[in-house]
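Participant: no sequence for this one, just the structure:
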């Protein structure tokens, strides 16, 4: 949870998991106060040992095994943001090349 002034972004879990190949996780952000003028968010992924994508509504899609961090930032100029770590497992690793000798 992050707070400055009257705006608050609360991402309820501190850790989430995706355990299916190309699975998804919908991150939910509660924005307070409920009467905030601009409730829009910008979503970004920081790929750590894993890899994932996030869309404009906070839907995270797994790409490779490991841990990623999703961040939601308020677009109202307040500088408020919230983060959530996601552990990704069971992603299929496809063959990328075959060398014959």
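Facilitator: The structure has been received and is ready for your questions. Fair warning: this is a prediction, and the values are worked out from it, not measured in the lab.

Participant: how close does residue 62 sit to residue 37?
Facilitator: Residue 62 sits 35 Å away from residue 37, going by Cβ to Cβ, to the nearest Å. Placement of C-beta: from N, CA and C, glycine included.

Participant: now for the residue most central in space within the chain: which residues touch it?
Facilitator: The centroid of the chain falls nearest to residue 70 when counting by Cα atoms, centre = their mean (2.6 Å). The contact partners of residue 70, taken as Cβ atoms under 8 Å, 6 or more residues apart in numbering, are 27, 43, 44, 45, 46, 52, 54, 58, 60, 83, 84, 86.

Participant: what subset of these is buried?
Facilitator: Burial by neighbour count, judged by 16 or more other Cβ atoms under 10 Å, picks out 27, 43, 45, 52, 54, 58, 60, 83, 84, 86 from these.

Participant: mind picking the two most distant members of these?
Facilitator: 52 and 83 (13.6 Å; Cβ to Cβ).

Participant: pLDDT weak spots in this structure?
Facilitator: Scanning the chain for pLDDT under 70 picks out 1-14.

Participant: if we can go back for a sec, distance of the residue nearest to the centre of the chain relative to residue 19?
Facilitator: Relative to residue 19, and taking Cβ to Cβ, residue 70 is found at 17 Å.

Participant: cool, residue 90 as well?
Facilitator: With Cβ to Cβ as the criterion, residue 90 and residue 19 are 5 Å apart.

Participant: give me the element the spatially closest residue to residue 86 that is not a sequence neighbour is part of.
Facilitator: Leaving aside its chain neighbours, residue 86 sits nearest to residue 16 (4.7 Å; criterion: Cβ to Cβ, 6 or more residues apart in numbering). For residue 16, the element it lies in under DSSP states H and E is strand 15-18.

Participant: if anything else comes up later, I'll come back, but that's it for now.
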